[in-house]
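Visitor: everything below, folded, please.
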Amino acid sequence: MILLAGCSESKTLPGEVISMQEAQLFFLKKVKQDTLLCIVNGNDTLEFQPKKNPKFHVLSTTLFGYFEVLQSIPQIAGIVYPEAIANSQIKSQLESKQTFSLLDNSSAIDPEQFFLHPAQWILYSPFEPAPQKIPVTSTTVPICDYQESNAWARLEWIKAIGFLNGHYKEACAYFDQVNLQKKKFALKNPKPILIGSHDGQHFYWSAKNSAVNQLAADAGFKVLGLDQNGNAALDREDLMMQLKKKPQVVVMIGKDQLPLIEKIMAEWRSQYSIETWFIPVDETQYFQQSIIHPEWLLQDFIQLEQAKKTGHFIKAFPA
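Guide: Numbering: from 1, shown residues only. Purely as a prediction, here's the structure:
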């Protein structure tokens, strides 16, 4: 059976709209006795009704943290890239076959898994196409958190997940608790900071609306590169120009990159008299955890400004 990913609806349909505090791309709507989740995906607004005792297929590892915080990991029937998730509970569920990998041997989505291990909700990132061959009892849901304008709006998507998995009250409480730690620190002479990744050949500074850049700005830094659209590779001359501004430099790297990037950063420190730091994305589960803990990343930047050497995500290079 084939089911398309919902039908587009309009915000102007009758019903009481319940807007979010930060998020712009989803809202709730009361229609008579029902409450609907409404997600803005491009030009469409999709509406979803809650289901009883739902199971989930989760097609992005970045969504896992929401389930972890809401203590609803047992509701996950299928995931992608299980090796990238460090959580012991999901590993146990994979071993006991309560949860299954949705990938084939070539690391592509295997549609057969949707039928072998059915789930009511299939959550996917709108950066990828919605799966088309799914059971008639399943519904695809685009989770547009990464399209929000800031880290706090992205965090509020925990309410959308909570609505779908029956933990909406807990999601609201979690968001309120974390959102209390949202602060901006106005410094008289903010230090410049350059944030991005390095592949050993090129430095890529982070996208204009990336959460990591915005949280650095919230901590009081003057963030370099905010006029760029998307993750941009700096050519040698542009990179030298930025480094001559003597910024703090923060690079996001995988565990296998550390020896090479450590050598490059040592050269930068020597040549430009700058300070360099790194975010070990594997060790810290950065892409899963930074969504649900923006306050940790904010605190890391505040500690960086205070010249402290370590944090939840940001680490000092080995001496």
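
Visitor: now do the longest helix anywhere in the chain: which elements does it pack against?
Guide: Counting residues, the longest helix found in the chain (DSSP state H) is helix 258-272. Packing partners of helix 258-272 (3 or more Cβ pairs under 8 Å, 6 or more residues apart in numbering; DSSP states H and E): helix 236-243, strand 248-253, strand 276-280. Heads up, the C-betas are built off the backbone N, CA and C, glycines and all.

Visitor: can you check what angle separates that helix from strand 248-253?
Guide: Using axes from the mean of the first three to the mean of the last three Cα atoms, to 10 degrees, the inter-axis angle of helix 258-272 relative to strand 248-253 is 160 degrees.

Visitor: returning to that earlier point: for the helices and strands packed on helix 258-272, give me a markdown table that also has distance to residue 69, mean pLDDT and mean neighbour count.
Guide: Below are these laid out as a markdown table (distance: least, Cβ to Cβ, whole Å; pLDDT from 0 to 100; neighbours: other Cβ atoms under 10 Å):
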| stretch | distance to residue 69 | mean pLDDT | mean neighbour count |
| --- | --- | --- | --- |
| helix 236-243 | 36 | 92 | 14 |
| strand 248-253 | 22 | 94 | 22 |
| strand 276-280 | 20 | 94 | 21 |
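
Visitor: save these as a markdown table, and put in distance to residue 159 too.
Guide: Below are those laid out as a markdown table (distance: least, Cβ to Cβ, whole Å):
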| stretch | distance to residue 159 |
| --- | --- |
| helix 236-243 | 38 |
| strand 248-253 | 27 |
| strand 276-280 | 27 |
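
Visitor: surely residue 284 and residue 311 touch.
Guide: No - Residue 284 is beyond contact range of residue 311, at 9.5 Å (criterion: Cβ atoms under 8 Å).

Visitor: just to revisit the earlier point, now do the longest helix of the chain, average pLDDT.
Guide: Helix 258-272 comes out with an average pLDDT of 94.

Visitor: chain center to it: distance?
Guide: In terms of Cα atoms, centre = their mean, to the nearest Å, the centre of helix 258-272 is found 28 Å from the chain centre.

Visitor: buried ones in it?
Guide: The neighbour-count check on helix 258-272 (16 or more other Cβ atoms under 10 Å) flags 258, 261, 264, 265, 268, 272 as buried.

Visitor: grab the nearest non-local neighbour of the last one.
Guide: Going back to what we said before, that points to residue 272. residue 243 (4.6 Å; Cβ to Cβ, 6 or more residues apart in numbering).

Visitor: what about the helices in this structure?
Guide: Under the criterion DSSP H, the chain contains helices at 64-69, 88-95, 112-116, 151-155, 158-165, 168-179, 211-218, 236-243, 258-272, 286-292, 294-305.

Visitor: for the last one, name the packing helices and strands.
Guide: Yep, that's helix 294-305 we're talking about. Helix 294-305 is packed against helix 151-155, helix 211-218, helix 286-292, with contacts defined by 3+ Cβ pairs under 8 Å, 6+ apart.

Visitor: poorly predicted segments of the protein, please.
Guide: 1-13, 186-187, 226-230, 309, 319 (pLDDT under 70).

Visitor: got the domain ranges for it?
Guide: Following the assignment in automatic domain parsing, the chain carries domains at 8-179, 192-316.

Visitor: and the shortest one, end to end?
Guide: Counting by Cα to Cα, to the nearest Å, the length from the leading to the trailing residue of domain 192-316 is 18 Å.

Visitor: and it, how far from the chain's centre?
Guide: How far domain 192-316 lies from its chain's middle: 17 Å, per Cα atoms, centre = their mean.

Visitor: spatially nearest residue to residue 288 (excluding sequence neighbours)?
Guide: Per Cβ to Cβ, 6+ apart, closest to residue 288 is residue 65, 4.4 Å.
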